[in-house]
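Fold the stuff below for me.
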Amino acid sequence: MTSHPKRPFRFAAQVYRSETGAQWRETARMVEDLGYSALHVSDHYIGPGPALDPTAHRPVTLAPITSMAVAAEVTDELVIGCRMFCTSYHEPVVLAKEAATLAMFAPGRIEVGLGAGWLGAEYEAMGVPFPPAGDRVDRLAATVELCQQQFLGTPIDVDRGGVRATGFAPLPVPETAPPIMIGGGARRVLTLAGATADIVSINFNNRSGKLGSDSVATSTVAETRKKLDWVRAGAGDRMADIELETGAYFVAIDGATDVTEESLCERTGFTSTELRSFPHALVGSVDDICEQLEQRREEFGFSYFTIGDRALEQFAPVVARMTGK
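This is a model prediction of the structure:
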């Protein structure tokens, strides 16, 4: 059992595909109307084809910063974030200023998700170097430091992890510093997240460079407990101040979603009991899922859950039940 304090539940919808600008605006409004507290986009660039197919990653239609700005403009209270910016192919000074500008336009409504990057096939397809994991985490740490300086208005002075920026004051400085979310599934990233992030996203360990059986194997109950231990090791006495987020990648709601519990068992090789305890699955009736959410908060400290676009409308009754909206 966790000693992490019980936080109120929050739910984000992750949506990164749209055919038109009008459709994207309507989606953002719908997510807010359904009671979600946040809308997350994604930071991937290549479209369908032989480079993406082996990774099992769905194509991402929308570029993150532009779509975040539009979503923020057409909603009133919805928090807008990216899950996650891949810091190894973003120029840190540029990314920090873009994020600070978004936070200026939508005060208190921007979350900045940062990750080390993992989809090697995408880097290759874009012609971008894919450094070793240790170098990518070093760059992530340096980017976090630079973003913190930007958001707080302190002089920019970073020289590590392949990032060098110094000798200037940051502009703009947002009225409210946006929270930084760091996500991942490996020791160094999660220890860094514990030490520096406002929100920690417990994710798959995508060491294989593709989504599949290894993703699931690195995300069992036992592996999730290990990940939380790494966060605690980095956090020390600030652990109680960290919000813990995770993605529900396997959602099957009885009578509501096209995906069924049986099909997920076939896909993952889990029994029904195993699937219902898997930290990244929410399956069964609305009552069942609400019980699973309570259990995840009690056992792991998770209070912030991200739901994919395939189930966001069907999941709305759960959001309403758990948030009182």
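
Sketch out the helices for the stretch 201-325 of the chain, chain order is fine.
Using DSSP state H, counting those that start in this stretch, the helices found in the stretch 201-325 of the chain span residues 213-217, 221-235, 261-268, 272-277, 286-300, 316-323.

quick one: low-confidence ranges for this structure?
1-3, 205-215, 325 (pLDDT under 70).

Quote the end-to-end distance of stretch 253-261.
8 Å (CA to CA, to the nearest Å).

next SSE after the longest helix belonging to the chain?
Scanning the chain for the longest helix, with DSSP state H as the assignment, gives helix 133-152. Using DSSP states H and E, the helix or strand that follows helix 133-152 towards the C-terminus is strand 156-160.

what distance separates that next one from the centre of its chain?
26 Å (CA atoms, centre = their mean, to the nearest Å).

Centroid-nearest residue for the protein?
When CA atoms, centre = their mean is applied to the chain, the residue found nearest the centroid is Arg83 (3.4 Å).

who are the neighbours in contact with that one?
12, 14, 40-42, 113, 181, 183, 201, 247, 306 (CB atoms under 8 Å, 6 or more residues apart in numbering). The way it works is simple: take the backbone N, C-alpha and C, and place the C-beta from them, glycine included.

residue contacts, the residue nearest to Val216 when sequence neighbours are not counted?
Leaving aside its sequence neighbours, Val216 sits nearest to Thr268 (CB to CB, 6 or more residues apart in numbering; 5.8 Å). Listed by CB under 8 Å, 6+ apart, the contact partners of Thr268 are 216, 250, 275, 278.

now the strands: where do they sit in the chain?
10-14, 38-41, 79-86, 110-115, 156-160, 163-168, 180-184, 199-202, 243-248, 250-253, 281-284, 302-308 (DSSP state E).

ok, residues contacting the first one?
To tie it back to what came earlier, the one meant is strand 10-14. 31, 34-42, 79, 81, 83, 243, 245, 247, 303-309, 312, 315, 318-319, 322-323.

Make a PyMOL selection of the buried ones in those residues.
Command for PyMOL, covering only those of those found buried under the criterion 16 or more other CB atoms under 10 Å:
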select buried, resi 31+34+35+36+37+38+39+40+41+42+79+81+83+243+245+247+303+304+305+306+307+308+309+312+315+318+319+322
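
If Ala252 is in a bridge, with which residues?
Ala252 forms beta bridges with Val283, as assigned by DSSP bridges.

Double-check it against Thr260; I have them as touching.
Yes. Between Ala252 and Thr260 there is a contact under CB atoms under 8 Å: 5.4 Å.

who's more crowded, the two?
Ala252 (22 against 14; other CB atoms under 10 Å).

Check the gap between the more buried one and Asp258 for me.
Ala252 sits 9 Å away from Asp258, going by CB to CB, to the nearest Å.

Look up the closest residue to Leu264, ignoring the ones flanking it.
The shortest distance from Leu264 to any non-neighbouring residue, by CB to CB, 6+ apart, is to Phe250 (5.1 Å).

typed the wrong thing, it's Asp138
Spatial nearest neighbour of Asp138, excluding adjacent residues (CB to CB, 6+ apart): Gly161 at 3.5 Å.

and the gap between the one you found and Ala235?
21 Å.

swap in Asp138?
20 Å.

what do you get for Arg25?
Computed as CB to CB, the Arg25 to Ala235 distance reads 38 Å.

repeat for Ser37
In terms of CB to CB, Ser37 sits 23 Å off from Ala235.

and the residue lying farthest from the centre of the chain, what does it touch?
Going by CA atoms, centre = their mean, the residue of the chain most distant from its centre is Gly167, 32.0 Å out. Applying CB under 8 Å, 6+ apart, we find Gly167 in contact with 156-157.
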